[in-house]
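Q: The sequence isn't on hand, but the structure is:
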Ligand code: GRF
């Protein structure tokens, strides 16, 4: 049984998708928010998950906040820490502490569009394909070994909201999938920072393209 802690800042729909996936061999030890008003806490509590708040505004600097956060996380001794819409830049020390067991989801096809406002920037750039990436976290912002990506088309009449919604629907598929692979000890990072899935996985699962593959099959079931 693998124990995971999920960090959120707001609505927590990715956390919800991971909880709802009921991944075999995974126990959600806690959901921790850095904002007391994070609405995702309500879902977690309603599902009997231990919830905690480590309010970043109560700490003088990033290091003291990250220390308090790490203490809260470590109390649950997780095998994996999952950043799910956790809107804080983490210190190098924090990232090093959880190296190889810290995942993030970013709403773009990295390495394109790291940082904020990815959907608006994708539309402004005129890209035809956008998406989301689950990756291991390194000290660089929105960087690190890529586990799985999902692509969606950018339509001519998209605005930020319609594009975000299309991407988010894919996020809810690929994040539980990445956690599942981790829990099965199948994620291997090579010396060049590339991730493979031990035992293989179909292309349809490692790179989900919509609408052609609107309902991925096989391992994604
Ligand atoms: C998602 O788009 C995620 O990729 C980004 O922040 C958003 C969080 O949404 N990092 P939610 O809180 O999981 O609903």
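A: Looks like it came in fine. Source: prediction; values computed, not measured. Numbers count the residues shown, from 1 in each chain.
Q: In the protein, which residue sits nearest the ligand?
A: For the chain, the nearest residue to the ligand under the criterion Cβ to the nearest ligand atom is residue 85, separated by 2.6 Å. C-beta coordinates here come from the backbone N, C-alpha and C atoms, glycine included.
Q: Ramachandran angles for that residue?
A: phi 70, psi 40 (degrees, to the nearest 10).
Q: For it, give me its contacts.
A: For residue 85, the contacting residues are 8-15, 40, 105, by Cβ atoms under 8 Å, 6 or more residues apart in numbering.
Q: Could I get the buried residue list for the biggest helix by length in the chain?
A: Secondary structure of the chain read by DSSP state H shows that its longest helix is helix 160-183. By neighbour count with 16 or more other Cβ atoms under 10 Å, helix 160-183 contains the buried residues 163-164, 166-183.
Q: Off-centre distance for stretch 41-60?
A: Centre-to-centre, stretch 41-60 and its host chain are 17 Å apart (Cα atoms, centre = their mean, to the nearest Å).
Q: and the ligand, which of the buried residues of helix 160-183 contact it?
A: 168, 171 (Cβ under 6 Å from any ligand atom).
Q: Give the full set of residues in contact with residue 142.
A: 104, 106, 108, 110, 114-115, 135.
Q: Wasn't it part of a strand?
A: No. Under DSSP: H, G, I helix; E, B strand; the rest coil, residue 142 falls outside any strand and is assigned coil.
Q: Would you show me how to pick out the buried ones of the contacts of residue 142 in ChimeraX?
A: Buried residues among the contacts of residue 142 (16+ other Cβ under 10 Å), as a ChimeraX selection:
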select :104,106,108,110,135
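Q: quick revisit: from the contacts of residue 85, which single one is nearest residue 89?
A: Using Cβ to Cβ, residue 9 is the member of the contacts of residue 85 that sits closest to residue 89, with 11.9 Å.
Q: quick one: pLDDT of the closest residue to the closest one other than its chain neighbours?
A: Excluding its sequence neighbours, the residue lying closest to residue 9 (Cβ to Cβ, 6 or more residues apart in numbering) is residue 87, at 4.2 Å. Turning to residue 87, the model gives it a pLDDT of 95.
Q: mind listing the helices for this protein?
A: Going by DSSP H, the chain shows helices at 13-20, 40-46, 62-74, 92-97, 118-125, 160-183, 203-206.
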